[in-house]
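> Next come a sequence and a model predicted from it.
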Protein chains: 2
Amino acid sequence: MVEKIQIIPVQGMPLIKEGDNLAKLINNAAEKQGTPIQDNDIVVVTHVAVSKAEGAIVNLDTVKPSRFAEKIAKQTDKDPALVEVVLNEAKSIVRMGNNSLITETKHGFFCANSGVDRSNVPGERNVALLPENPDKSAAGIRQQIKKLSGKDVAVIVSDTHGRPLRDGEINVAVGVSGLNPIRDRRGEKDLYGYILRIKRTAIADELASAAELVIGQANEAVPVAIIRGYSYPKSETARATDLIRPKEKELFL
Amino acid sequence: MVEKIQIIPVQGMPLIKEGDNLAKLINNAAEKQGTPIQDNDIVVVTHVAVSKAEGAIVNLDTVKPSRFAEKIAKQTDKDPALVEVVLNEAKSIVRMGNNSLITETKHGFFCANSGVDRSNVPGERNVALLPENPDKSAAGIRQQIKKLSGKDVAVIVSDTHGRPLRDGEINVAVGVSGLNPIRDRRGEKDLYGYILRIKRTAIADELASAAELVIGQANEAVPVAIIRGYSYPKSETARATDLIRPKEKELFL
């Protein structure tokens, strides 16, 4: 018997708005489409859906750019109000230029525009921030799902990131609850008995990327995917920031 | 009707050896386990399996390290013969230190040890190189599958890469055939009609990461996964090196 992994799009969810109970919308939609949530499912939710539910949306018309933001905006050919929001969400600037502004977010993630997103947000001038605490958001959704369905799941909040050295974007985890984002395989034996010395797989990022295959295919009309059949390392303490490499251990830069 | 994506491990394959017809082994194993290959499947094969079949294996005892390799070996605390092989496979050194040697491979990929792998290779002193031309390897497997099964598939050759700024490794594509590794979504509309300006998804990397979920879970006893149900952009000309960002366009470094 082949143990397949399934990536199930959660279809038919309404457009998310502030105050929505995301867990309830996910649970209902999964049930309605005939794929009710099961124990050990991994529920992957895009950060924009989470941010909309949490009200982490800013209208750029209400933002007064600082003089510094005005200067950065000029150099990067961006909207000064957007730059102001990006700087508010950042703790450092990694690189600017080429129409791009790469920052270290207040959470510690390295990404374009501090993760501030324009797409899939209603209103021409509205942008979505990253959730204030994406691990906490994931934990909240997980607890609510448990309460509503009785099922134990893991939850990943995902975001689309560009990467150094490779072209195109992939989805990665910016919030986790219930699973260890890294599967440490050091000490395991390979096919021929050789003991692995360096294998630490960033499974939360791989799961977020797998989920994007159904989310992106549906042009984001599907903000949630369920991954079923993957036996993940459980953890009640792991955080998505475990996926950030400490600066002093950086190998590439 | 929910259109799920399936990630199917191809089980029961023999240990690969030089000269093996990988496509035939994959096709037979898929059939035997009751999941015969179908049109539009994406077949993901680990590079070590490909390199073993192609004989891209080096016995370190047959390698005479150069004086430069000896020096690098000392600084990175590595086997001088391994360093010699890594340098042979590289066109530049990106960074060395901290027990690590990051290079640009002859193909143009940025990764640790030029992609030279010690795990899942038989023999204490044998290492697997990256295939000489991973796109050609992918194309060969694809053509053979077509010949054997009559089915049109896409093939990805995958490798495990560490990344700058993020901890842990993920699987990415180092060879592709039949699909465009990047899905260009610029010009598409989002949920609210906003036109996407920057979305280019590295789907071949996401597919390689999704495949790792079954490959890694089986501790590499499964060197191949079939991904079914993903509607991918077809291409007869795309190459995995399309996933490398040109140096002059690098945003992070």
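Received the coordinates, thanks.
> Please make it C-alpha for all contacts and neighbour counts, starting now.
Fine.
> How is chain A divided into domains?
A:6-50+A:133-242, A:58-126 (automatic domain parsing).
> Kindly present the ones you listed as TSV, with separate columns for mean pLDDT and distance to chain B.
Conversion of the domains of chain A to TSV gives the following (pLDDT from 0 to 100; distance: least, CA to the nearest CA, whole Å):
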stretch	mean pLDDT	distance to chain B
domain A:6-50+A:133-242	95	5
domain A:58-126	94	5
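> Make CSV out of these and add mean neighbour count and distance to B:R118.
Listed next are the domains of chain A as CSV, based on neighbours: other CA atoms under 10 Å in any protein chain shown; distance: least, CA to CA, whole Å:
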stretch, mean neighbour count, distance to B:R118
domain A:6-50+A:133-242, 21, 8
domain A:58-126, 19, 31
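> With distance to B:A154 as extra columns, can I get the ones you listed in CSV?
Converted to CSV, the domains of chain A look like this (distance: least, CA to CA, whole Å):
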stretch, distance to B:A154
domain A:6-50+A:133-242, 15
domain A:58-126, 30
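> In the stretch 101-250 of chain A, mark out all the helices, start to finish.
Using DSSP state H, counting those that start in this stretch, the helices of the stretch 101-250 of chain A run over A:134-149, A:203-217.
> Quick one: closest of the ones you listed to A:V121.
In terms of CA to CA, the element of those nearest to A:V121 is helix A:203-217, at 15.5 Å.
> Please save the CA atoms from the closest one in CSV.
C-alpha atoms of helix A:203-217 as CSV (Å, rounded to 0.1, in the frame of the first residue of the first chain):
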residue,chain,number,x,y,z
ILE,A,203,10.3,20.9,6.4
ALA,A,204,8.1,23.8,7.3
ASP,A,205,9.4,25.7,4.2
GLU,A,206,9.0,22.6,2.1
LEU,A,207,5.4,22.2,3.3
ALA,A,208,4.7,25.9,2.6
SER,A,209,6.1,25.4,-0.9
ALA,A,210,4.0,22.3,-1.5
ALA,A,211,0.9,24.2,-0.3
GLU,A,212,1.6,27.0,-2.8
LEU,A,213,1.1,24.5,-5.6
VAL,A,214,-2.7,24.5,-4.9
ILE,A,215,-2.9,28.1,-3.7
GLY,A,216,-1.0,29.6,-6.7
GLN,A,217,-2.8,27.3,-9.1
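> got the angle for that helix vs helix B:203-217?
Here the directions of helix A:203-217 and helix B:203-217 differ by 140 degrees (axes from the mean of the first three to the mean of the last three CA atoms, to 10 degrees).
> who does helix A:203-217 touch, helix- and strand-wise?
Applying 3 or more CA pairs under 8 Å, 6 or more residues apart in numbering or on different chains; DSSP states H and E, one finds that helix A:203-217 contacts strand A:5-9, strand A:42-46, strand A:154-162, strand A:169-179, strand A:224-228, strand B:169-179, helix B:203-217.
> please redo it, this time with the cut-off set to 7 Å
Counting by 3 or more CA pairs under 7 Å, 6 or more residues apart in numbering or on different chains; DSSP states H and E, the packing neighbours recorded for helix A:203-217 are strand A:5-9, strand A:169-179, strand A:224-228, helix B:203-217.
> could you say what helices and strands the second one packs with?
So that's strand A:169-179. So strand A:169-179, by 3+ CA pairs under 7 Å, 6+ apart, packs with helix A:134-149, strand A:154-162, helix A:203-217, strand A:234-235, strand B:200-201.
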